[in-house]
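Peer 1: Could you work out the structure for the sequence below:
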Amino acid sequence: MSIPPSSEIGSGLHKASSTSPLHENLVNPTNAPSPALGQPSAIAPTVRVPTSLLPPLVVDLDGTLIKTDLLLESVCSLLRQEPLALFALPIWLLKGRAHLKREIARRVQLDPALLPYRTELFDYLRVEHDQGRSIILATASDEQFAKHIADHLKLFDMVLASDGITNLAAERKRARLVAQFGERGFDYVGNESRDLAVWSSARKATVVSRNPRLKQAAAKVSQFESAFEEPDASVAEYLGALRPQQWMKNILVFLPLFAAHLFTEPILLLRTIIAFVAFCCCASSGYLVNDLCDLPADRHHPSKRLRPFASGRLPLAYGFAMAPVLAVIGCLLAGLLSGLSFGVVVLYFIVAAAYSLSLKKNVLLDVFTLASLYTLRIIEGGLAAAVPLSVWLLAFSMFLFLSLAYIKRYAELVIMRGVDGDHAKARGYEMSDSALLVATGTASGYAAVLVLSLYIASGSVKVLYSTHEVLWLVCPLLLYWIGYLWLVAHRGKMYHDPLVFAVRDRTSRILILLMLAAALVAI
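Peer 2: Residues are numbered from 1 along each chain as shown. Prediction:
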């Protein structure tokens, strides 16, 4: 299998030539193209010593050969399989990091083909290996994971890793390498400050980082050879991991205020804004949890593989730290409104986390969960504005968002068909389920329009709308919009959540504005 090219590679290598960019995730690195043997390698000296006569080249794994951290990767995988294992992690850690890694490795399997490798570094190592140089993998990750990666890459002559008792990092790694190869008897490739201990006994130091201080420190303890550099993640990428484009879904909290015609009341508007911010915080926390739990699936997806965590652009530690912080902020903001508002936001976060960890794997239950998350936003808006929620509004929202959830699943299935053919699967759904998704999804959308029409025909609408007849215009517009979304999904052109797609799509924006205009005129 050939590796598809990626436009993202080749922008950050100091003292290197990268003539053959590779896929962001090294699916089959044994077939990866390498620079011609007559060309200078990534860190070639001016006068080249025959490679077979050079000392072993030792390379670190986490953050060096791969852009991610296997400990955090395996924790994500473990919690996805066994959420209650969260309470066992501190107990395992009390016996040491090596013991923690071994306990996780016993329960988790990672696919080495999906890990985000540093392709320029791999190219260089492969050239050195092909010319006869001994390449050693030395990592603090558990040896079970390290051996699986080595078996996949077919590059290393020896693997040194943590064994459940000794955590092979920093000084322990240095001592092991010195015992194996002697003082100054190896070259070492690392990426962080704790590698300085290893560089202090290495013949030459290769740094995988743009950090000038790290390179200067490495040069003080060893002969600095060169650095593999990639641009640091931007502030926009850190913010992008929070998915601010998804915050527009939280506009639903304003719906009860709008439906009750109280949007001119400043106090109620302020309370609703607080509810909106609270949901944005909790939603971003939920998206971080979802992305951390979805790493393997995202890396297999044609577009989701470019997400910050899946691609390795952002450290997983950022997601682990920000998720609980945002959840706490969101719950505290909701608590300022009322105890019930606090309860709804907490319930939203619990359901969203349960969805990310387990519920999304259960067909049909997943779409009902998604629809309920939309409806919880409307309930929170009603509590924030002290507006009683009508059964008409709740029934309408449940049917409409159930249809949108079905569209989301159907669109994912159609996109994956382009990757895996007729045997494609998405979130537990198979291609043979597509007809069922279309039937139930469109029926739910039409049921929402039916509920709306019954509400317009009822006597209660006359109390709020002076010209309620104008509201009938919303029904055909909504029918058209639902049909349009299903058509786009059927053609495999819906790459985002339906509501996010609607904001970016010109036709959807026009239809939504027309429906809002009809509702305002009816007042």
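
Peer 1: how about the strands in the stretch 201-350 of the chain?
Peer 2: In the stretch 201-350 of the chain, the strands defined using DSSP state E, counting those that start in this stretch lie at 204-207, 223-227.

Peer 1: now do the same end-to-end measure for stretch 251-258.
Peer 2: One end of stretch 251-258 sits 11 Å from the other (CA to CA, to the nearest Å).

Peer 1: Of all the residues in that stretch, which ones are buried?
Peer 2: Neighbour-count burial for stretch 251-258, counted by 16 or more other CB atoms under 10 Å, picks out 252-258. Using the backbone N, CA and C atoms, a C-beta is placed for each residue, glycine as well.

Peer 1: Which helix or strand contains residue 159?
Peer 2: Element membership of residue 159, judged by DSSP states H and E, is strand 158-162.

Peer 1: Using CSV, write out every CA atom in that strand.
Peer 2: Output in CSV follows, covering the C-alpha atoms of strand 158-162 (Å, rounded to 0.1, in the frame of the first residue of the first chain):
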residue,chain,number,x,y,z
MET,A,158,16.9,-3.7,19.8
VAL,A,159,14.0,-2.4,22.0
LEU,A,160,14.6,-1.0,25.5
ALA,A,161,11.5,-0.1,27.5
SER,A,162,9.8,0.0,30.9
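
Peer 1: if we can go back for a sec, out of the buried residues of stretch 251-258, which sit inside helices?
Peer 2: 255-258 (DSSP state H).

Peer 1: Which of those sits closest to residue 319?
Peer 2: residue 255 (30.4 Å; CB to CB).

Peer 1: which residues touch the closest one?
Peer 2: Applying CB atoms under 8 Å, 6 or more residues apart in numbering to residue 255 gives the contacts 378, 381, 393, 397.

Peer 1: did I read that right, the first one in a helix?
Peer 2: Going back to what we said before, that points to residue 378. Yes - Residue 378 sits within a helix when classified using DSSP: H, G, I helix; E, B strand; the rest coil.

Peer 1: hang on, it packs against residue 394?
Peer 2: Yes - the pair residue 378 / residue 394 is scored as a contact, 7.3 Å apart, by CB atoms under 8 Å.

Peer 1: Which one's more surrounded, the two?
Peer 2: Here residue 378 and residue 394 are compared on neighbour count by other CB atoms under 10 Å; more neighbours surround residue 378, at 22 against 15.

Peer 1: gap between the closest residue to residue 469 other than its chain neighbours and residue 259?
Peer 2: Distance criterion CB to CB, 6 or more residues apart in numbering; nearest residue to residue 469, sequence neighbours excluded, is residue 522 at 7.7 Å. Plainly put, residue 522 is 12 Å away from residue 259 if you go by CB to CB, to the nearest Å.

Peer 1: quick revisit: in a markdown table: the buried residues of stretch 251-258, plus distance to residue 120 and pLDDT.
Peer 2: What follows is those, written out as a markdown table (distance: CB to CB, whole Å; pLDDT from 0 to 100):
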| residue | distance to residue 120 | pLDDT |
| --- | --- | --- |
| 252 | 45 | 91 |
| 253 | 47 | 94 |
| 254 | 49 | 93 |
| 255 | 50 | 90 |
| 256 | 54 | 91 |
| 257 | 54 | 90 |
| 258 | 53 | 88 |
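
Peer 1: Least reliable of the strands of the stretch 201-350 of the chain by average pLDDT, please.
Peer 2: Per-stretch mean pLDDT for the strands of the stretch 201-350 of the chain is lowest at strand 223-227 (a mean of 88).

Peer 1: what's the closest of the buried residues of stretch 251-258 to residue 217?
Peer 2: Residue 217 has its nearest neighbour among the buried residues of stretch 251-258 in residue 253, at 50.3 Å by CB to CB.

Peer 1: what's the closest non-adjacent residue to residue 379?
Peer 2: residue 344 (5.7 Å).

Peer 1: ok, that neighbour to residue 381 distance?
Peer 2: Distance, residue 344 to residue 381, using CB to CB: 10 Å.

Peer 1: Repeat that for residue 226.
Peer 2: 57 Å.

Peer 1: Of the two, which one has the most company?
Peer 2: residue 381 (28 against 20).

Peer 1: Quick check, the more buried one in contact with residue 252.
Peer 2: Yes - taking contacts as CB under 8 Å, residue 381 lies within contact range of residue 252: 6.6 Å.

Peer 1: longest single helix anywhere in the chain?
Peer 2: The chain, longest helix under DSSP H: helix 391-420.

Peer 1: which secondary structure elements does it contact?
Peer 2: helix 255-259, helix 365-384, strand 425-426, strand 429-430, helix 434-457, helix 474-490, helix 498-504 (3 or more CB pairs under 8 Å, 6 or more residues apart in numbering; DSSP states H and E).

Peer 1: worst average pLDDT in these?
Peer 2: Looking across the helices and strands packed on helix 391-420, the weakest by mean pLDDT turns out to be strand 425-426, at a mean of 77.

Peer 1: Can you give the contact residues for that strand?
Peer 2: 409, 412-413, 415-416, 431.

Peer 1: Could you list the paired strands of it along with their orientation?
Peer 2: strand 429-430 (antiparallel) (DSSP bridges).
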